[in-house]
Structure formats: structure tokens, C-alpha cells
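# let me see the structure of the following:
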Amino acid sequence: MDPVALAGIIMVSSIAIMLLLGIPIAISIGLGSVLSMIVVLPFDVSMSSSAQRMFTGTDNFPLMAITFFILAGNIMNNGGIAIRLVNCAKVLAGKMPAPLAQTNIVANMLFGALSGSGVAAAAAIGGTLGPIEIKEGYDRNFVAAVNTASAPTGMLIPPSNTLIVYSTVAGSVSVSALFLAGYVPGILWGLLCMILVAIIAKRRKYPKGQSVDLKTGLKTILIAIPSLMLIVIVIGGILAGIFTATEGSAIAVVYSLILSLCYRTLNPKLVSKILIDTAETTVVVTFMIGVSMIMSWIMSFTHIPALVADTLLGITTNPIAILLVINVVLLVMGCFMDPIPAILIFCPIFLPIVMNFGMSPVQFGIVMTMNLCIGTITPPVGPILFTGVRIGGVTIESVFKHLLPFFAITVLCLMLTTYVPALSMTIPQWFGLVK
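I've put the predicted structure just below:
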């Protein structure tokens with residue numbers, strides 16, 4: 001057998017076997033890639049090349065933004081910002097049906113956009129609002145479903161660590177363009193959740209919200225403005241060219257730290273926990289990116305992306321059908337993998353295919369991220385699902401049927417984002433970041 005073909009088979013099969021055995025994803029990717037590299041290169045060259053690929057893959061200035069945004073999100077999650085956003089969301093939800101559930105959605109969108117983490121949003125907002133909703137008579141499983149389904153919006157509405165990773169893997173794709181492209185799909189996801197909650201609330205006769213007088217409403221919003229200004233400062237500074245995305249992430253840390261100190265919610269013990277959590281998450285993400293660089297080299301060497309492209313194009317040359325197949329693959333794989341390793345694996349395979357028929361890498365970045373966002377709320381892996389279930393005090397089995405309508409609207413949102421480029425491309429085009 002041709003050594004190149006054999007290397008590809010060894011890589012794919014060994015990674016699949018190790019994943020089935022429960023070996024961590026990063027280790028499976030690294031070992032499988034090294035084993036396949038040994039087939040085409042001498043052992044000593046394979047070892048040195050693997051180490052070199054890992055180093056060059058992580059020696060990337062934009063990747064520092066991930067560390068800083070993780071740190072900023074952890075500070076905000078522990079710094080008293082969540083409750084101010086919840087109060088602001090209550091005002092914005094107004095007299096809508098099931099006001100506390102609507103507040104949960106709006107607050108997840110706001111907090112997720114600030115922290116860049118759907119898991120952090122589900123934990124912070126669900127932990128704050130969930131007990132209140134249950135006390136008001138909301139069904140416990142419904143509460144958990146709403147919190148779980150709306151939390152991933154923070155992975156689309158910038159700043160987003162997932163989009164930064166995609167930018168790095170895709171190569172020469174503007175982080176600023178990706179950030180702007182995520183706004184409409186992310187907000188659309190949240191709005192569809194709110195509409196669905198309103199329909200369910202009317203059927204179950206949940207109470208409507210009470211109007212807030214103008215003075216109280218303005219005061220509540222004003223209290224939340226310092227927290228919301230983080231988005232304006234970071235995204236505005238990046239778009240204005242004042243600083244890069246990486247520099248903006250550092251500014252986010254400083255701003256959130258100052259804000260938390262002003263709120264007097266941080267103490268030395270909490271700061272230590274925040275730093276340790278940030279270091280642990282950063283190490284995991286960085287290691288994944290490093291080993292994925294070995295895999296990317298092997299895939300390029302063995303022409304796996306070209307083989308997949310030829311296979312798809314052999315079935316059909318219709319872009320609509322190809323995009324549908326890619327979405328199905330990403331949806332299925334998103335059920336078993338976290339977003340970052342999934343991007344590291346599938347971006348090099350699918351991006352050349354979609355670019356072949358004219359799809360912008362910016363739009364595909366949003367489509368891919370949205371697929372994997374749905375995976376975060378889907379068993380068996382779903383990190384946001386597990387967080388929402390744990391925070392809500394329910395089981396996956398009991399909450400799953402309540403999530404089914406939300407799955408339907410998220411897939412609808414995905415299809416619109418896939419086949420209506422204007423949803424993701426209009427704002428970046430306004431700012432001249434894409435043609």
C-alpha cells in the first residue's frame with residue numbers, strides 16, 4: 001500500500017479507536033498524528049517534526065487573546081457583574097410572557113457576549129435566576145431548558161474564543177470580521193428563543209411581566225452600563241484600529257478587574273481561584289491547538305481534505321446539497337466533541353470545499369461555530385447541557401423533551417445563516433472588512 005495512504009488510514013483509525021476507548025481528545029489527536037507521521041518519515045525526524053509543529057502552532061500572538069478573554073470571563077463570573085446584567089435584562093424583558101424566562105435569555109446573551117463563554121453564562125445566569133423562577137411557579141425542567149438553550153449565544157456574539165481559534169486554524173481570516181459576522185446570527189438565536197418561550201408561556205399560562213416605572217428602569221440600566229461598556233470598548237477599539245484583538249483582550253481583563261474591585265466583590269482567595277481556573281483552561285486549549293498542528297500537517301501531506309472534497313463532489317456538485325451534508329456532519333460530530341477540537345479537525349477539511357464554490361471563510365466560520373454551539377447543548381457530551389442540568393437540579397432525561405422545540409429553532413437559525421449570507425456578511429461588509 002502507498003505509504004501516504006497508509007499514513008492517512010492510520011491517523012483516522014487510531015484517533016477514532018482512542019476516542020472510543022475514552023482517551024482524552026487532545027492525546028488521541030497527538031498520538032494518532034505522530035503514529036501516522038512515523039509511516040512516512042524516519043522515527044527521529046517524526047519526533048522532532050512533531051515537537052516543532054506543536055511549538056510553531058502555539059507560538060502565535062493572536063492566541064494570547066484566548067487566555068485573556070478566559071481570564072476576563074472568569075473575573076466577570078465571580079465579580080458581581082451577573083446580577084447587574086440580570087436586573088438590566090428584567091427591564092429589557094418588560095411585560096413579555098414568562099418575564100423571568102425572557103430575562104434569562106437576554107441575560108445569557110449579555111453575559112455570554114461579555115465573557116465569551118456559554119458555560120460561564122449558563123452557570124452565572126442560571127444560578128442567579130433559576131431559583132427565583134422555580135419559586136415563582138415555573139416548571140424546573142422548563143427553566144433548565146431555557147437557560148441551556150440560550151447560553152450558546154455568547155459563543156457567537158463577540159468576543160468569542162471559538163471564533164479566535166477558527167481564525168487561527170483557517171489562516172488569514174480577520175478576527176474583527178468574524179466578530180462582526182457573529183452579531184446577527186447570535187441575536188437571531190436569542191430572539192427565536194424568546195419567541196418560543198412566549199408561545200410556551202401562553203399555553204402554560206405563565207404570568208406576564210409587570211411594567212417598571214421609567215425612573216427605576218433608567219436607574220437599573222445605568223447601573224449595568226459600566227458592565228455593558230466592556231463590549232463597546234473592546235469591539236469598538238478593535239474596529240477603530242486602536243488596538244488588535246489580542247490587545248483588546250488584555251484591556252478586557254484590566255477593565256473587568258477594575259469594575260469588580262469597584263463592586264468590592266473580589267478577595268485574595270477568589271482571585272487565586274480565578275487565576276488557577278484560567279491557567280487550567282488555557283493549558284487545555286493550547287495543548288489541543290499544538291497537537292492539531294501535527295494533524296493538520298499530516299492531513300495536508302496525505303491529501304485527506306482533497307479526498308473528502310472529491311468524495312463529496314463525486315456525490316453531488318450542488319452547493320446547497322454539499323452545505324447540507326457538511327452541516328449534518330458537523331451537527332453529529334458536535335454531539336461528541338467540544339467546539340475547539342472539532343474546529344481544529346474539521347476546518348482544514350471543509351473550508352477548502354466551501355471556498356471552492358465561493359463561500360466566504362468568514363461566513364463558514366459562523367456556520368461552523370453555530371453547528372458546534374448546537375452540539376454544546378446536545379447529549380452525550382454537551383458541556384453547556386451538563387452545566388444547565390447541574391445548575392437547574394434536573395436530569396438530562398427529564399429536560400431533554402423540553403429542549404426539543406429549542407433544537408428546532410436553533411436548526412432553523414443554522415439553515416438561515418447557511419443559506420442567507422447577508423445574515424453574517426452584511427455588518428463586516430459595512431465596515432469594509434470583507435468584500
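
# list the buried residues of the helix or strand hosting Ala201.
Applying DSSP states H and E as the criterion places Ala201 in helix 183-204. Judged by neighbour count using 16 or more other C-beta atoms under 10 Å, the buried positions of helix 183-204 are 183-186, 188-194, 196-198, 200-201. (C-beta placed from N, C-alpha, C; glycine too.)

# same check, this time on stretch 26-44
26, 28-37, 39-41.

# give me the distance between the two termini of stretch 329-348.
Taking C-alpha to C-alpha, to the nearest Å as the measure, stretch 329-348 stretches 14 Å from start to finish.

# quick one: contacts of it?
Stretch 329-348 has contacts (C-beta atoms under 8 Å, 6 or more residues apart in numbering) with 19, 25-26, 29, 155, 161-162, 165-166, 169-170, 285, 288-289, 292, 295-296, 299-300, 305, 350, 368-369, 371-376, 378-383, 411.

# I'd like the average pLDDT over whichever helix in the chain runs longest.
When the chain is parsed with DSSP state H, its longest helix is helix 268-302. Averaged over helix 268-302, pLDDT sits at 81.

# ditto for stretch 26-35
Computed over stretch 26-35, the average pLDDT equals 84.

# likewise stretch 197-212?
Averaging pLDDT along stretch 197-212 gives 80.

# returning to what we had before: tell me which other helices or strands the helix holding Ala201 touches.
helix 99-115, helix 140-150, helix 361-375, helix 396-419, helix 422-430 (3 or more C-beta pairs under 8 Å, 6 or more residues apart in numbering; DSSP states H and E).

# to Leu63, which of the ones you listed lies closest?
Leu63 sits nearest to helix 361-375 of all these, at 16.1 Å, using C-beta to C-beta.

# how far away from the center of its chain is the helix or strand just after that closest one?
Following helix 361-375 in sequence order, the next helix or strand is helix 383-392 (DSSP H and E). Taking C-alpha atoms, centre = their mean, to the nearest Å, the mean C-alpha location of helix 383-392 is offset from the chain mean by 15 Å.

# and helix 383-392, what other elements does it pack with?
If contacts are counted by 3+ C-beta pairs under 8 Å, 6+ apart, helix 383-392 sits against helix 118-135, helix 140-150, helix 396-419.

# just the C-alphas of the last one, formatted as PDB.
Taking Å, rounded to 0.1, in the frame of the first residue of the first chain, the C-alpha atoms of helix 396-419 are listed here in PDB:
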ATOM      1  CA  ILE A 396     -30.800  15.100  31.200                       C
ATOM      2  CA  GLU A 397     -33.600  12.600  30.600                       C
ATOM      3  CA  SER A 398     -36.200  14.900  32.200                       C
ATOM      4  CA  VAL A 399     -35.100  18.100  30.500                       C
ATOM      5  CA  PHE A 400     -34.500  16.600  27.000                       C
ATOM      6  CA  LYS A 401     -38.100  16.700  25.800                       C
ATOM      7  CA  HIS A 402     -38.300  20.400  26.900                       C
ATOM      8  CA  LEU A 403     -35.300  21.100  24.800                       C
ATOM      9  CA  LEU A 404     -36.700  19.600  21.600                       C
ATOM     10  CA  PRO A 405     -38.600  22.700  20.500                       C
ATOM     11  CA  PHE A 406     -35.400  24.800  21.100                       C
ATOM     12  CA  PHE A 407     -33.400  22.300  18.900                       C
ATOM     13  CA  ALA A 408     -35.900  23.000  16.100                       C
ATOM     14  CA  ILE A 409     -35.500  26.800  16.200                       C
ATOM     15  CA  THR A 410     -31.700  26.600  16.500                       C
ATOM     16  CA  VAL A 411     -31.500  24.300  13.400                       C
ATOM     17  CA  LEU A 412     -33.800  26.900  11.700                       C
ATOM     18  CA  CYS A 413     -31.400  29.600  12.700                       C
ATOM     19  CA  LEU A 414     -28.500  27.500  11.300                       C
ATOM     20  CA  MET A 415     -30.200  26.900   8.000                       C
ATOM     21  CA  LEU A 416     -30.900  30.700   7.600                       C
ATOM     22  CA  THR A 417     -27.300  31.500   8.400                       C
ATOM     23  CA  THR A 418     -26.000  28.900   6.000                       C
ATOM     24  CA  TYR A 419     -28.200  29.800   3.000                       C
END
